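Asker: The sequence and its predicted three-dimensional model are supplied below.
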Amino acid sequence: TYLPRKFKTAIGLPGDNCVDIYANDLGFLAICKEWRVVGYNVLVGGGMGVTPSAKKTFPALAMRMAFCTPEQAVDVATAVIKVQRDHGNRSDRKVARLKYLLADRGLPWFKARVEEYLGYRLPEPDPEDVWGFDDHMGWHEQGDGRLFYGLNIENGRILDREGMRLKTALREVARSWRPSFRLTPHQSLLICDLPAGCQSELEGLLHAHGVKLSSEISAARRWSMACVAWPTCGLSITEAERALPGVIDQLEVELARVGLSQEVFTIRMTGCPNGCARPYNCDVGLVGRTADKYTVFLGGRLLGNRLNFMYKDLVPTEELVATLVPPLAYFKQARQPGETFGDFCARKGREDLLAFAARYEAQLVG
């Protein structure tokens, strides 16, 4: 029987949340002891979609529901899906995702229903949680004597254009080494099953086609992504994929000026509030609000386990970078040891950030 709405599943590791597990309807976070998976923390009810005209819609992070053993995992997944199938909203498509069932009924009710389908109780989640995110870019050993190379692909678009023939380069890679290819949740590509010793040849092939290596891309660009938006998506109300590279160009200059070029933080842009590039749990979310204007969100984090907050609304495209400069300058001045940009914004809060921005901008005018 079909589900009331789409249903997304992810399997991740505490030290590598590259799948953005908290943004999925169902997540299995592997708990490992001495390099062996002993079970999974089961997360339920994540989702980024928001309908602009429906205030009843909202982004949500998944909730930590229970722990299960590897042998129980498939049955637990089946039970979760059955609860959504039987109790999810079938009269209003806008609130038919699993996150709305959790919001309406609560996690204790949901877990009890899952246990009814299973026929046994599930223990509370293991204390372990996400603590790392690896985008897998660059060279890595696979563990079987072969290598894989993580190639950053800006906004996931594979094409040939003047000065950079990425599509042709990847075709040549495929012909030369017959590798397997894997797509990452951050819109990039893993070229897998490569023979040892091919590094220089593959890098030379990419360079010959004008393709930058992942190590040659700025941190800001490496950790950015956008949805397709115009002209591909009928729901979009402004640009994203075609606009973000230009925004990053400007941002790279400002980051260098304030001494933050190497800082790692996520920037995600969408052409509408539906959230296809997951803009609501990242450090900096740029969400299309109306033609050429965006809502700027701050205070999420690379780990993906905290929602961000609205910092400024209806910011024109040409003012996006100028809007981000004061919070970044404040971060450079007042960060705590080891603090990330998202953590800093969450600690300071919207009003404090706006107050600093007002002082910062007044000094520039003065």
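Answerer: Structure received.
Asker: Could you use CA atoms for every contact and neighbour count after this?
Answerer: OK.
Asker: Quick check: which ranges of the stretch 251-366 of the chain have low pLDDT?
Answerer: In the predicted model, the stretch 251-366 of the chain carries pLDDT under 70 at residues 366.
Asker: which residue ranges form the helices in it?
Answerer: Taking DSSP state H, counting those that start in this stretch, the helices of the stretch 251-366 of the chain run over residues 320-334, 341-365.
Asker: Let me know which of those is tucked in deepest.
Answerer: Stretch with highest mean neighbour count among these: helix 320-334 (a mean of 18; mean count of other CA atoms under 10 Å).
Asker: which residues are in contact with that one?
Answerer: For helix 320-334, contacts defined as CA atoms under 8 Å, 6 or more residues apart in numbering pick out 247, 250-251, 254-255, 258-260, 296, 315, 341, 344-345, 353, 356-357, 360-361.
Asker: coming back round to it: for Glu124, find the nearest of the helices of the stretch 251-366 of the chain.
Answerer: Nearest to Glu124 among the helices of the stretch 251-366 of the chain is helix 341-365 (27.2 Å), distances taken as CA to CA.
Asker: Compute the inter-axis angle for that closest one and helix 320-334.
Answerer: With axes from the mean of the first three to the mean of the last three CA atoms, to 10 degrees applied, the angle from helix 341-365 to helix 320-334 works out at 110 degrees.
Asker: and helix 341-365, what does it pack onto?
Answerer: Packing contacts for helix 341-365, counted by 3 or more CA pairs under 8 Å, 6 or more residues apart in numbering; DSSP states H and E, involve strand 293-298, strand 309-316, helix 320-334.
Asker: 7 Å - rerun?
Answerer: helix 320-334 (3 or more CA pairs under 7 Å, 6 or more residues apart in numbering; DSSP states H and E).
Asker: who's in contact with Phe271?
Answerer: Not Phe; residue 271 is Gly. Residues near Gly271 by CA atoms under 7 Å, 6 or more residues apart in numbering: Cys227, Ala229, Ser236, Ile237, Thr238, Glu239, Ala240, Val287, Gly288.
Asker: In strands, which of those fall?
Answerer: Val287, Gly288 (DSSP state E).
Asker: Next, Arg97: phi, psi?
Answerer: phi -70, psi 160 (degrees, to the nearest 10).
Asker: Check whether it really touches Leu3, as I assumed.
Answerer: No - counting by CA atoms under 7 Å, Arg97 stays clear of Leu3, with 9.2 Å between them.
Asker: Mutual contacts of these two, please.
Answerer: Common neighbours of Arg97 and Leu3 (CA under 7 Å, 6+ apart) do not exist.
Asker: So if I had to pick from these two, which one is more boxed in?
Answerer: Arg97 (26 against 19; other CA atoms under 10 Å).
Asker: For that one, give me its contacts.
Answerer: Neighbours of Arg97 in contact, by CA under 7 Å, 6+ apart: Arg5, Lys6.
Asker: measure it to Leu213 for me?
Answerer: To Leu213, Arg97 is 39 Å away according to CA to CA, to the nearest Å.
Asker: do Met269 as well
Answerer: 23 Å.
Asker: And those two? Which one has more around it.
Answerer: Met269 (32 against 18).
Asker: quick one: that one and Ala226 touch, right?
Answerer: Yes - counting by CA under 7 Å, Met269 does reach Ala226; the two are 4.6 Å apart.
Asker: Identify the contacts common to the two.
Answerer: Applying CA under 7 Å, 6+ apart, one finds that Met269 and Ala226 are jointly contacted by Ala240, Leu244, Ala277.
Asker: Return the members of those residues classed as buried.
Answerer: Those of those that meet the buried threshold are Ala240, Leu244, Ala277, by 16 or more other CA atoms under 10 Å.
Asker: re earlier: please identify which of the helices of the stretch 251-366 of the chain is closest to Trp139.
Answerer: helix 341-365 (27.2 Å).
Asker: burial measure for Val253, as a count.
Answerer: 14.
Asker: start the count at 3, not 1, going forward
Answerer: I'll keep to 3 as the first residue from here, and by that count the last item is Val255.
Asker: Let me see the contact set for Cys34.
Answerer: For Cys34, the contact set (CA under 7 Å, 6+ apart) comprises Val40.
Asker: can you redo the helices of the stretch 253-368 of the chain as JSON lines with distance to His142?
Answerer: Listed next are the helices of the stretch 253-368 of the chain as JSON lines, based on distance: least, CA to CA, whole Å:
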{"stretch": "helix 322-336", "distance to His142": "32"}
{"stretch": "helix 343-367", "distance to His142": "28"}
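Asker: Nearest to Gly17, out of the ones you listed?
Answerer: Nearest of these (CA to CA): helix 343-367, 18.1 Å.
Asker: next one: that closest one to chain centre, how far?
Answerer: Counting by CA atoms, centre = their mean, to the nearest Å, helix 343-367 is centred 24 Å from the centre of its parent chain.
Asker: swap in stretch 82-90?
Answerer: 26 Å.
Asker: Any buried residues in that stretch, and which?
Answerer: Buried residues in stretch 82-90 (16+ other CA under 10 Å): Val82, Ile83, Lys84, Val85, Gln86, Arg87, His89, Gly90.
Asker: possible to save those as CSV with secondary structure, pLDDT and distance to Ile155?
Answerer: What follows is the buried residues of stretch 82-90, written out as CSV (DSSP: H, G, I helix; E, B strand; the rest coil; pLDDT from 0 to 100; distance: CA to CA, whole Å):
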residue, secondary structure, pLDDT, distance to Ile155
Val82, helix, 98, 35
Ile83, helix, 98, 33
Lys84, helix, 97, 37
Val85, helix, 98, 38
Gln86, helix, 98, 35
Arg87, helix, 97, 37
His89, helix, 97, 40
Gly90, coil, 97, 37
